[in-house]
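>>> next one to model:
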Amino acid sequence: MSIIKKKVLQDLTETICKKVDRFNKREVECLIQQFHELVGEQSSPGRVAHCLERGSFRGVMHSIFGLTDDMIMEGIFRTFDKDNDGFITVEEWIEGLSIFIRGTLDEKTKFCFHVYDLNGDKYISREEMFHMLKNSIVRQPTEEDPDEGIKDLVDITFKKMDHDLDGRLSFEDFEYAVREENLLLEAFGTCFPEPMVVLNESWRK
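Residues are numbered from 1 along each chain as shown. Modelled structure (predicted):
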């Protein structure tokens, strides 16, 4: 188990509380401690880890929050990883969780769009949409060509969401569609835990 000194914990808590207002001071302290426990679990002999690696992050998303789609979990990792260095710091972890668990609709809309924008070009293309839907939809064994059904679904979705009719979804298109119909927020895959799924109760005490 990773141990964090009291003074370091207090200073780090103060710093993070200035950036994150969705968790109170005690919750931030507990999340910092929990993060260090997770980081400690991924440490190997002779090596001390200070950041959460991709594999461990995905393990947490699966075991604690019940997410299973590899493509979506990779997108969530990218969204948490603000500086794009391939690791999650404690600050990125708590800032990410503040939206992941308690974000407003606007924050969650931006979060989902970033997750769905697989290549980071600020648009969701038909190809990206196809891959996400193909990954998340359960196929029936009797289907001769299940990809055809997914292509049809992509066409239907574009008619619903491509507000400016340019053949790709910008953030503005996505935001407009979600405001019109909130259920479209997670149209291409589950990005958030179920309402009943929360972190272990120890972080809230």
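
>>> so L133, which state does it fall into?
Assigned by DSSP: H, G, I helix; E, B strand; the rest coil, the conformation of L133 is helix.

>>> contacts only, for it.
Neighbour list for L133: 150, 153-154, 188-189 [criterion: Cβ atoms under 8 Å, 6 or more residues apart in numbering]. C-beta here means a position set from N, CA and C on the backbone, and glycine is covered the same way.

>>> top of these by neighbour count?
Counting neighbours by other Cβ atoms under 10 Å, the top entry in these is F188, with 28 neighbours.

>>> contacts only, for it.
116, 124, 129, 132-133, 136 are the contacts of F188 under Cβ under 8 Å, 6+ apart.

>>> residue contacts, the spatially most central residue of the chain?
Taking Cα atoms, centre = their mean, the centroid of the chain lies closest to I76, which sits 3.0 Å from it. Counting by Cβ under 8 Å, 6+ apart, I76 makes contact with 61, 67, 100, 115, 191.

>>> and the first one, how many neighbours does it have?
M61 is surrounded by 21 other residues when neighbours are defined as other Cβ under 10 Å.

>>> now do D11
If you count neighbours by other Cβ under 10 Å, D11 ends up with 11.

>>> now F57
F57: 23 neighbours (other Cβ under 10 Å).

>>> secondary structure class for it?
When classified by three-state DSSP, F57 comes out as helix.

>>> so for it, what pLDDT did the model give?
Note on F57: pLDDT of 94.

>>> buried residues, the biggest helix by length in the chain. List them.
Using DSSP state H to define each element, the chain has its longest helix at helix 25-42. The neighbour-count check on helix 25-42 (16 or more other Cβ atoms under 10 Å) flags 27-36, 38-39, 42 as buried.

>>> looking at the residues you listed, which is nearest L165?
Distances from L165 to those, taken as Cβ to Cβ, are shortest for L31 (43.5 Å).

>>> just the element for the nearest residue to the closest one once chain neighbours are set aside, please.
Closest residue to L31 apart from its sequence neighbours, by Cβ to Cβ, 6 or more residues apart in numbering: I94 at 5.2 Å. Using DSSP states H and E, I94 sits in helix 90-102.

>>> what packs against that helix?
helix 6-19, helix 25-42, helix 70-80, helix 105-116 (3 or more Cβ pairs under 8 Å, 6 or more residues apart in numbering; DSSP states H and E).

>>> is it true that M161 touches D173?
Yes - using Cβ atoms under 8 Å, M161 is in contact with D173, at 5.7 Å.

>>> nearest to P195, out of the helices and strands packed on helix 90-102?
P195 lies closest to helix 105-116 among those, at 12.8 Å (Cβ to Cβ).

>>> what's the first helix or strand after that closest one?
Remark: after helix 105-116, the chain's next helix or strand is strand 123-124, criterion DSSP H and E.

>>> now that next one, how far from the centre of its chain.
17 Å (Cα atoms, centre = their mean, to the nearest Å).

>>> for L118, what are its contacts?
Counting by Cβ under 8 Å, 6+ apart, L118 has contacts 71, 75, 128, 131-132.
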